[in-house]
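In: Need coordinates for the following:
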Amino acid sequence: MLFEITMIIIAYLFGSLSAAVITCRLLGLPDPRTEGSRNPGTTNVLRIGGKKAAIYTLAGDMLKGLIPVLLVRALGLGPEIQAAAGVAAFLGHLYPVFFGFQGGKGVATALGVLLGIDWIVGLLTIGTWLVMAFLLRYSSLSALTATLLAPLYIWWLNPEPAYITATVAMTVLLYWRHRSNIRALLDGTEEKIRLSSKSD
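Out: Modelled structure (predicted):
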């Protein structure tokens, strides 16, 4: 049991590595926690740093959800520990110990976790986000729709109780973290996705 707990703690610490903050520091950009929406996530990095910085951030945040799940599975641990490691990495993104517990909203990391749990579910969730983003141009609404459907996708394709529980937990936390976006959507003040004018 000690080994399993250690792996979950490692997953949290890995998730605590903020791809947005690290990317912005490496590229000489402003701290995303103090600029734009002040959210250290892909959409805000896109606004303040452009497409290249956003791609780095997205990849980093997805990998820190994907890698812990795959590592735990490769070590022969079961679905319960895989799900726990995924949620731990997700919590690390939301509340990173290395960055004063000021984390992002968790969309990319949750997508990485879902890809690790079941790649088809992950791709379906990503596809839902992309379709919504293309049609409506709201990143937050796309994320809210995709994550709302994610528990249904996992229940349909891979109804392992631990995976369902983990997916529902991430969805609830994502909605909590997006509560200001939900208010803005209802008020009609939410900002649409736009490409940064900065050169890449």
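In: pLDDT weak spots in this structure?
Out: 195-200 (pLDDT under 70).
In: next one: stretch 42-56 to chain centre, how far?
Out: Distance, stretch centre to chain centre, for stretch 42-56: 15 Å (Cα atoms, centre = their mean, to the nearest Å).
In: Look at that stretch and report the distance between its end residues.
Out: 9 Å (Cα to Cα, to the nearest Å).
In: If you count neighbours, what's buried in it?
Out: 42-50, 52-54, 56 (16 or more other Cβ atoms under 10 Å). No exception for glycine: its C-beta is placed from N, CA and C like everyone else's.
In: Mind naming the longest helix for this protein?
Out: Using DSSP state H, we find that the single longest helix of the chain is helix 51-74.
In: After that one, heading C-terminal, what element do we hit next?
Out: helix 79-94 (DSSP states H and E).
In: tell me the angle that following helix makes with helix 51-74.
Out: 150 degrees (axes from the mean of the first three to the mean of the last three Cα atoms, to 10 degrees).
In: Alpha carbons only: can I get helix 79-94 in PDB?
Out: Extracted in PDB, the C-alpha atoms of helix 79-94 (Å, rounded to 0.1, in the frame of the first residue of the first chain):
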ATOM      1  CA  PRO A  79      -7.700   0.700 -12.200                       C
ATOM      2  CA  GLU A  80      -8.300   2.200  -8.800                       C
ATOM      3  CA  ILE A  81      -4.700   3.400  -8.500                       C
ATOM      4  CA  GLN A  82      -4.600   4.500 -12.100                       C
ATOM      5  CA  ALA A  83      -7.700   6.600 -11.500                       C
ATOM      6  CA  ALA A  84      -6.300   8.000  -8.200                       C
ATOM      7  CA  ALA A  85      -3.000   8.900  -9.900                       C
ATOM      8  CA  GLY A  86      -4.900  10.700 -12.700                       C
ATOM      9  CA  VAL A  87      -7.100  12.700 -10.200                       C
ATOM     10  CA  ALA A  88      -3.900  13.500  -8.100                       C
ATOM     11  CA  ALA A  89      -2.200  14.900 -11.200                       C
ATOM     12  CA  PHE A  90      -5.300  16.900 -12.000                       C
ATOM     13  CA  LEU A  91      -5.400  18.300  -8.400                       C
ATOM     14  CA  GLY A  92      -1.700  19.100  -8.800                       C
ATOM     15  CA  HIS A  93      -2.600  21.300 -11.700                       C
ATOM     16  CA  LEU A  94      -5.500  23.000  -9.900                       C
END
